[in-house]
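> Predicted model, plus sequence, below.
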Amino acid sequence: MPIDQLSPKIFACSQSTELAKEIAKEYGIPLGNVTTTHFSDGEFQPAFEESIRGRRIFLIGSTFPSADNLMEMLLMCDAAKRASARHITAVMPYFGWARQDRKDKPRVAIGAKLVAKLLESAGATRIMTMDLHADQIQGFFEKPVDHLFGSTIFLPYVKSLNLDNLTIASPDMGGSKRAYAYSKFLECDVVICYKQRQKANVIAYMELIGEVKGKNVILVDDMIDTGGTLTKAADLMMERGALSVRAICTHPILSGDAYERIQNSKLTELIVSNTIPLKKSVSKIKVVNCASLFADVMRKVHNNVSISDEFLM
């Protein structure tokens with residue numbers, strides 16, 4: 001059989017093993033075998049335990065902290081390149097370091113650009129990710145980037161809630177484009193939260209632009225870290241007369257006291273995807289599976305089929 005007609009192979013970085021298993025199951029092929037050797041000082045070395053010569057391979061791994069997760073993806077790309085894989089697609093459901101997408105003050109790094117160059121140098125020939133923190137990060141790559149939208153999996157769930165007087169909200173000015181896209185599909189109003197930060201993860205002031213009284217509000221964002229912004233926004237909206245406040249955040253980083261903050265907040269529900277595994281189960285957090293979306297796009301990429309119809313917005 002010609003090489004190009006062979007099925008691809010899917011491998012998992014250790015931090016995304018469960019998601020990779022689900023993606024491989026949706027795709028209809030077994031997850032490939034990778035072993036990792038650990039040294040006593042913390043160094044590690046992944047190795048493919050099967051031939052990948054001439055094959056298209058998908059390496060699945062979100063690069064949330066610690067930095068070992070990014071390093072594992074880089075090492076696996078390099079190993080695949082040296083094992084003569086034909087195509088190496090780095091499937092990064094969550095693209096870490098994306099908040100460093102520009103110089104917002106003097107003498108800082110542009111971490112997202114650095115990560116892009118590292119991936120290409122390591123051997124990645126294609127990148128697949130979902131809901132980048134900033135769309136322009138796609139331009140940091142010289143290789144093709146498949147940027148999937150979380151709305152593809154979240155909008156059906158929102159419609160299933162059958163909420164009356166629905167309003168979409170953005171927790172900050174930067175997310176207004178995402179909020180307007182959701183509102184256009186759902187044919188509802190938009191509210192924007194204007195905030196000023198004292199420092200990273202600390203909000204000094206917040207105000208609403210728009211009306212929430214008598215509305216069921218859904219906040220949309222690409223990620224949730226400490227949960228400070230969302231819970232503060234939910235409290236403010238309930239004070240202003242909202243009937244309920246839910247939040248959709250694609251990537252559940254949830255650091256520090258985030259789980260407790262969410263559980264004790266006025267949020268009715270936090271809806272996330274499984275791009276990052278949850279550290280604990282919390283009743284207010286609903287997980288929507290992204291495995292079928294990635295499997296479908298991976299299949300189309302392998303078969304050179306357009307992926308345009310995968311996007312709901």
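Cool, got the structure.

> so what's Arg126 scoring on pLDDT?
With respect to pLDDT, Arg126 scores 98.

> residues touching it, list them.
By Cβ atoms under 8 Å, 6 or more residues apart in numbering, the residues touching Arg126 are 87-90, 143-146, 301. (Glycine included, C-beta is placed from N, CA and C.)

> Of these, which is the nearest to Val272?
Asp146 (21.0 Å; Cβ to Cβ).

> Please give the element, helix or strand, for the closest one.
Element membership for Asp146, per DSSP states H and E: strand 145-148.

> Grab the nearest non-local neighbour of Ala124.
Distances taken as Cβ to Cβ, 6 or more residues apart in numbering place Ala90 nearest to Ala124, at 4.2 Å, with adjacent residues excluded.

> Spell out which residues make up each domain of the protein.
9-148, 151-289 (the TED database).

> By mean pLDDT, flag the weakest helix or strand of this protein.
Every helix and strand in the chain was compared by mean pLDDT, DSSP states H and E; the lowest is strand 202-209, with a mean of 72.

> Report pLDDT for the nearest residue in space to Val212 that is not next to it in sequence.
Nearest non-adjacent residue to Val212, counting by Cβ to Cβ, 6+ apart: Ala242, 4.3 Å away. pLDDT for Ala242: 96.

> Contacts made by the longest helix anywhere in the chain with the rest, please.
As assigned by DSSP state H, the longest helix anywhere in the chain is helix 67-82. Helix 67-82 has contacts (Cβ under 8 Å, 6+ apart) with 11, 13-15, 34, 36, 44-48, 52, 57, 59, 61-63, 88, 90, 92, 96-97, 115, 118-119, 122-124.

> Restricted to buried residues, select those residues in PyMOL.
Command for PyMOL that selects the buried part of the contacts of helix 67-82, burial taken from 16 or more other Cβ atoms under 10 Å:
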select buried, resi 11+13+15+34+46+48+52+57+59+61+62+63+88+90+92+96+97+115+118+119+122+123+124
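
> out of the contacts of helix 67-82, which are inside strands?
Counted as lying in strands by DSSP state E, out of the contacts of helix 67-82, are 11, 34, 36, 44-48, 57, 59, 88, 90, 92.

> Between the residues you listed, which sits nearest Ile110?
Met92 (17.7 Å).

> List the beta-bridge partners for the closest one.
Met92 has the following beta-bridge partners by DSSP bridges: Thr129.

> How about the contacts made by it?
Neighbour list for Met92: 61-63, 73, 127-129 [criterion: Cβ under 8 Å, 6+ apart].

> May I have the residues that are in contact with the residue nearest the centre of the chain?
In the chain, the C-alpha nearest the mean C-alpha coordinate belongs to Tyr94, at 3.5 Å (Cα atoms, centre = their mean). Tyr94 makes contact with 62-64, 129-130, 223, 250-251, 275-276, according to Cβ under 8 Å, 6+ apart.

> how does it look with 6 Å?
Applying Cβ atoms under 6 Å, 6 or more residues apart in numbering to Tyr94 gives the contacts 62, 64, 251, 275-276.

> in what helix or strand does Glu26 lie?
Per DSSP H and E: helix 17-27 holds Glu26.

> so how far is that helix off the chain centroid?
For helix 17-27, the distance from its own C-alpha centre to the chain's C-alpha centre is 16 Å (Cα atoms, centre = their mean, to the nearest Å).

> where does the stretch 1-150 of the chain dip in pLDDT?
1-5 (pLDDT under 70).

> that older thread, looking at the domains of the chain, which is nearest to Asp309?
Nearest of those (Cβ to Cβ): domain 151-289, 10.2 Å.

> before we move on, back to that, and after the least confident helix or strand of the chain, which helix or strand comes next?
As assigned by DSSP H and E, the chain's next helix or strand after strand 202-209 is strand 216-224.

> okay, the angle between whatever helix or strand comes next after that following strand and strand 216-224?
Downstream of strand 216-224, the first helix or strand assigned by DSSP H and E is helix 228-239. If you take axes from the mean of the first three to the mean of the last three Cα atoms, to 10 degrees, helix 228-239 sits at 170 degrees to strand 216-224.

> which other helices and strands contact helix 228-239?
strand 244-252 (3 or more Cβ pairs under 6 Å, 6 or more residues apart in numbering; DSSP states H and E).
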